[in-house]
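>>> take this sequence and fold it.
(2 chains)
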Number of protein chains: 2
Amino acid sequence: MVGKEFMLEAIRLSFETMRSGKGGPFGCVIVKDGKIISEGFNQVTSNNDPTAHAEVVAIREACKKLNTFQLTGCEIYTSCEPCPMCLGAIYWARPDKLFYANTKTDAAKIGFDDDFIYKEINLSLSERKLQTEQICKEEAIKAFEEWQTKQDKIEY
Amino acid sequence: MVGKEFMLEAIRLSFETMRSGKGGPFGCVIVKDGKIISEGFNQVTSNNDPTAHAEVVAIREACKKLNTFQLTGCEIYTSCEPCPMCLGAIYWARPDKLFYANTKTDAAKIGFDDDFIYKEINLSLSERKLQTEQICKEEAIKAFEEWQTKQDKIEY
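Modelled structure (predicted):
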């Protein structure tokens, strides 16, 4: 298989999840050494999990299979440009490359919040639609100070 | 309990996960009607799951308990300002309010990528460290067109 075929599989998943009523039209596959190691499709509404986007599902599955929390050497093929949640998850997983097909603007046009969330992230906390307030910084920072001096930590 | 006590519980979780070696110093609680309905702590390294940040774990748990994919009427207390992945998850879950303690700058200072990912999100695809390429748009957009005219879809 080459790149295009992996994306066509992600797109096939996007049709399957939509037509089966499991979730929105989104699919994702993760590839290592030229082979698909995990597949994910959107299951927000069928699993009552707002984090169960295709990419997050595929990343969790790939990491489980590889027994690691990093996707070094992997490529991610997703049928739509990742939303901020999924893009963040991809950065944390650190794959080698990301391929996408539809854009966040395409997603916005069919009623998904991807583009709205991208815009919100760039606003100052006081301008966001999501009410946000900082409290208890003095207590919380002590945990960060302890982390900094901790000897046996696993960094990620 | 009032707001500050919920945050102190999130901070307690941040210490617990760090000291037990389960993950980074991050904790989160979700509150509905004045009661904690779920707790989450970071378990990226102990569960081999790069998406298992405190907020994502707490959101998934709260939705499971409430049997819904939306956290209407809920407040989220997290010991650190959410990274883009978690902020995205919070927007998708749609709680009423978000409280945080440490900031993304504090997290960057102790070696976490939160601030780096925030900066990357704002760059054009070609400027990002993460190699990104668009392919197969023509095939993928057909799923979006079908979603738009689908009669029995559950929107989220």
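
>>> report pLDDT for A:D114.
A:D114 is assigned 89 on the pLDDT scale.

>>> didn't it look like it was pressed against A:A107?
Yes: in this structure A:D114 lies within contact range of A:A107 using C-beta atoms under 8 Å: 4.5 Å. Every C-beta, even on glycine, is put in place using the N, C-alpha and C of the backbone.

>>> more neighbours, the two?
Looking at A:D114 and A:A107 with other C-beta atoms under 10 Å in any protein chain shown, you find the greater number of neighbours at A:D114, namely 26 against 22.

>>> overlap in contacts of A:D114 and A:A107?
A:80-81, A:83 (C-beta atoms under 8 Å, 6 or more residues apart in numbering or on different chains).

>>> of those residues - the most surrounded one?
Counting neighbours by other C-beta under 10 Å, the top entry in those is A:C80, with 32 neighbours.

>>> my read: that residue touches A:A101, true?
Yes: at 6.6 Å, A:C80 and A:A101 qualify as touching, with contact defined as C-beta under 8 Å.

>>> what do these two both touch?
Shared contacts of A:C80 and A:A101 (C-beta under 8 Å, 6+ apart): B:A140.

>>> burial of the residue nearest to A:T78 when sequence neighbours are not counted, as a residue count?
Distances taken as C-beta to C-beta, 6 or more residues apart in numbering or on different chains place A:C28 nearest to A:T78, at 4.3 Å, with adjacent residues excluded. Look at A:C28: counted by other C-beta under 10 Å, it has 33 neighbours.

>>> quick one: secondary structure of A:C28?
Three states are possible here, and by DSSP: H, G, I helix; E, B strand; the rest coil the one that applies to A:C28 is strand.

>>> chain B versus that one, what's the distance?
Applying C-beta to the nearest C-beta, to the nearest Å, one obtains 12 Å for the distance of A:C28 from chain B.

>>> what residue of chain A is the furthest out?
Within chain A, the residue lying farthest from the chain centre (C-alpha atoms, centre = their mean) is A:E138, at 31.7 Å.

>>> in the sheet, who's paired with A:K35?
Residues found in beta-bridge contact with A:K35 (criterion: DSSP bridges) are A:K32.
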